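> No letters, just coordinates:
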């Protein structure tokens, strides 16, 4: 299940993509449009900034903007930064220990296919797609 943090991060990124100007957008404006508390956004934005998905400028005239074109940022990029993991089962989670029962598991192929489908979908959906095909 995608957490509130992941959902809100995706909403913020879509909002910034939709605004789409070269200037910086104050987070209070995004918070108001999205109905998300500014305090919550202050927890999410450093993650996105540190990982080069958004650029930040502090002070008068400051705010946030996308660091790349919306067509170059996927839902997967955003969710992988804000979620503990996207794997459907623990044995496929990044950094997990090798499962001792993998060779006996009748469902591992199913879970691998499901995981690939999830990641393919997330990586094939850009902010441009989610923001209504903005240019």
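Received, thanks. No experiment lies behind these values; they were computed from the predicted model shown.

> Give me the mean pLDDT for the helix or strand that contains residue 128.
Here residue 128 sits within helix 127-130, counting by DSSP states H and E. Mean pLDDT, helix 127-130: 95.

> ok, which stretches of this protein are strands?
Ranges of strands in the chain, per DSSP state E, are 54-57, 63-66.

> how about those, which one is nearest residue 97?
Residue 97 lies closest to strand 54-57 among those, at 34.0 Å (Cβ to Cβ). Glycine gets a C-beta too; all of them are placed from N, C-alpha and C.

> can you list the residues that contact that closest one?
Under the contact criterion Cβ atoms under 8 Å, 6 or more residues apart in numbering, strand 54-57 has outside partners 13, 16, 24, 45, 48, 49, 62, 63, 64, 65, 66, 67.

> which residues in the protein form helices?
4-19, 27-34, 38-50, 75-82, 108-123, 127-130 (DSSP state H).
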